[in-house]
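K.L.:
sequence first, then the predicted structure:
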Amino acid sequence: MTKTPNQNPQSQHDHESAEEQKPISPRLAVVGLILLLIVALLLGGLGILRRTHADTVLAERTQELAAPTVTVAAPKTGAPTDSFVLPGNVAAFTDSPIYARTSGYLTRWYYDIGSRVKKGALLAVIASPEVDQQLAQAQADLATAQAELPGLHERVCAVRNGMVSLSLFRSRRRYRDAASEVGGLGATRFTLHRDASGAVDGLLGYRTKLDWTRSTGPRGDLQVEELWASTEEAEASLWRFCLQHDLMTRVTANWRPSDEAFAVCLANPRAWRQTLSDGLWLRPLDPAALLSGRRYGREDGLVLEVHEPDGAAPRRFRLEGGLEGAICVPSSASPDLSLGVAALGSICLGDTPLERLHRAGRVEEVTPGAVARATAMFGWSPAPWSGAFF
């Protein structure tokens, strides 16, 4: 016997009551899809139009802002509404102080403060009795220098080879520009040095030039025109006067000896700069008289054979000399040295070692050892110096 499953009455009732749905028509589906596409196209076109309009407006606005509008108004004078009084100071962009070249008493005044003046205009007249007194003293010093120089120069010539005596005319002529400015340097000033007895044993002539700026301060130049001294003490004192002169930062001198003793007294010897140049050329015309007129560094005797440049027959001289003097006479003995007259002129003043000329081939050694003997014999200190034009 087969049992039939008990079916739920309620479920059977619901199934029987549901209505069947009808399928959508293909035509209606196509129409709906077309409508959706049309709506999407309209929305997209509207967005594009809005963005295009915004870009156009932005470009126009940018163009307006890029070209600013300038309004020009003509100024007109109007009635003042308010006035202000404020304190203030007016100062020059560059302040240049003006100093008188000398001190004194103001006797006349041509322009007041703030007046316009032209370059080179006379502003005032200053009386300076002190300067007048200094001028008188300088003129007296010049006269004293002219009177003392010849005798002082002769005393220097007595102890220095190469010096040439000065005539009274030349000693006065050398001071013809002493009172004038030369090359931006002031008039020549003179300083005398006196020994314990009051006699003049040193003379200094010099010129000065002073430059003064705010950045560098005083920068003065002192140029030594001449410095003569018959003693070492006087020479050192005059050099010390030059180096300790107020506001001077550089000291120069011309025609000074090559072995200036004061150079080694400086705190910084490297500050001493020296340039050597020719000052005197000696051409012996009478070798016997020339060799007899000087002293020698050691006692010795030599026979010298001297050749002339024109090819004339050589001459021989017997030289006997030392610290006390010498004798030189013609001789026919065999020579110890053979040299030209130009080489003889080089060694006569005692500055050029004969040994150097021998190495250069300008002196021939005939007797062995004669070069060393002659070098010691002709050597001399101090070095020759030609300190004056002639």
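P.N.:
The structure has been received and is ready for your questions. Residues are numbered from 1 along each chain as shown.
K.L.:
which residues touch stretch 135-146?
P.N.:
Applying Cβ atoms under 8 Å, 6 or more residues apart in numbering, the contact partners of stretch 135-146 are 171-172, 175, 178-179, 187-192, 200, 203, 205. (Each C-beta comes from the backbone N, C-alpha and C, glycine too.)
K.L.:
sort out for me which of the residues you listed are in strands.
P.N.:
Counting by DSSP state E, these place 189-192, 200, 203, 205 in strands.
K.L.:
turn the residues you listed into TSV, columns for distance to residue 116.
P.N.:
Shown next, in TSV, are these (distance: Cβ to Cβ, whole Å):
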residue	distance to residue 116
189	38
190	43
191	44
192	48
200	53
203	49
205	43
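K.L.:
quick check, nearest of these to residue 242?
P.N.:
Distance to residue 242 across the ones in strands among the contacts of stretch 135-146 (Cβ to Cβ) is lowest for residue 191, with 8.9 Å.
K.L.:
got a list of what that closest one touches?
P.N.:
Residue 191 makes contacts with 141, 203-204, 206, 238, 241, as judged by Cβ under 8 Å, 6+ apart.
K.L.:
filter the residues you listed to the buried ones?
P.N.:
Buried subset of the contacts of residue 191 (neighbour count, 16 or more other Cβ atoms under 10 Å): 141, 203-204, 206, 238, 241.
K.L.:
out of those residues, which comes closest to residue 225?
P.N.:
Checking the buried ones among the contacts of residue 191 against residue 225 by Cβ to Cβ gives residue 206 as the nearest, at 5.8 Å.
K.L.:
OK, contacts around the closest one?
P.N.:
Residue 206 touches 188-189, 191, 222-225, 242, counting by Cβ under 8 Å, 6+ apart.
K.L.:
go on, residue 375?
P.N.:
353-355.
K.L.:
what about those, which are in helices?
P.N.:
Members of the contacts of residue 375 lying in helices (criterion: DSSP state H): 354-355.
K.L.:
who wins on neighbours among the contacts of residue 375?
P.N.:
When these are compared by neighbour count (other Cβ atoms under 10 Å), residue 354 ends up highest, at 26 neighbours.
K.L.:
was I right about that residue contacting residue 374?
P.N.:
Yes. Between residue 354 and residue 374 a contact is recorded at 4.8 Å, counting by Cβ atoms under 8 Å.
K.L.:
show me which helix runs longest in the chain.
P.N.:
Criterion DSSP H: the longest helix present in the chain is helix 26-66.
K.L.:
average pLDDT for that one?
P.N.:
For helix 26-66, the mean per-residue pLDDT is 79.
K.L.:
which strands or helices does whatever helix or strand comes next after it pack on?
P.N.:
Later in the chain than helix 26-66, the nearest helix or strand by DSSP states H and E is strand 105-109. If you count contacts as 3 or more Cβ pairs under 8 Å, 6 or more residues apart in numbering; DSSP states H and E, strand 105-109 packs onto strand 124-127.
K.L.:
who touches the strand it packs on?
P.N.:
100, 102-111.
K.L.:
nearest to residue 32 among those residues?
P.N.:
residue 111 (110.0 Å).
K.L.:
neighbours around the closest one, how many?
P.N.:
12.
K.L.:
phi and psi next, for the nearest residue to residue 383 once chain neighbours are set aside.
P.N.:
Leaving aside its sequence neighbours, residue 383 sits nearest to residue 259 (Cβ to Cβ, 6 or more residues apart in numbering; 4.4 Å). Dihedral pair for residue 259: phi -110, psi 50, per degrees, to the nearest 10.
K.L.:
just to revisit the earlier point, what's the closest of the buried ones among the contacts of residue 191 to residue 295?
P.N.:
For the buried ones among the contacts of residue 191, the nearest to residue 295 is residue 203 (26.6 Å; Cβ to Cβ).
K.L.:
tell me who's in contact with that closest one.
P.N.:
Neighbouring residues of residue 203 by Cβ under 8 Å, 6+ apart: 145, 148-149, 152, 190-193, 226-229, 238.
K.L.:
name whatever forms a beta bridge with it.
P.N.:
Beta bridges link residue 203 to residue 192, residue 228, judged by DSSP bridges.
K.L.:
cool, the one 10 residues further on as well?
P.N.:
Applying DSSP bridges to residue 213 gives these bridge partners: residue 217.
K.L.:
run through the protein and note the low-pLDDT ranges.
P.N.:
Counting by pLDDT under 70, the chain shows low-confidence ranges at 1-24, 67-68, 98-102, 167-173, 389-390.
K.L.:
one more time with 50, if that's ok
P.N.:
For the chain, the stretches with pLDDT under 50 are 1-18.
K.L.:
and the gap between residue 156 and residue 230?
P.N.:
6 Å (Cβ to Cβ, to the nearest Å).
K.L.:
can you pick out the residue with more neighbours from these two?
P.N.:
Higher neighbour count among residue 156 and residue 230: residue 230, with 22 against 18, using other Cβ under 10 Å.
K.L.:
leaving out sequence neighbours, find the closest residue to the more buried one.
P.N.:
residue 155 (4.2 Å).
K.L.:
just how off-centre is the strand or helix carrying the one you found within its chain?
P.N.:
Secondary structure from DSSP H and E places residue 155 in helix 129-157. Distance of helix 129-157 from the chain centroid (Cα atoms, centre = their mean, to the nearest Å) equals 33 Å.
K.L.:
let me see the domain layout of this structure.
P.N.:
Domains of the chain are assigned by automatic domain parsing as 130-271, 287-378.
K.L.:
between those, which gets nearest to residue 386?
P.N.:
Closest to residue 386 of those is domain 130-271 (Cβ to Cβ; 4.6 Å).
K.L.:
so how far is that closest one off the chain centroid?
P.N.:
Centre-to-centre, domain 130-271 and its host chain are 24 Å apart (Cα atoms, centre = their mean).
K.L.:
need the distance between the two termini of it.
P.N.:
With Cα to Cα, to the nearest Å as the measure, domain 130-271 spans 36 Å from end to end.
K.L.:
likewise for stretch 255-275?
P.N.:
Stretch 255-275: ends 10 Å apart by Cα to Cα.
K.L.:
may I see the buried residues of it?
P.N.:
Neighbour-count burial for stretch 255-275 [16+ other Cβ under 10 Å]: 256-257, 260, 262.
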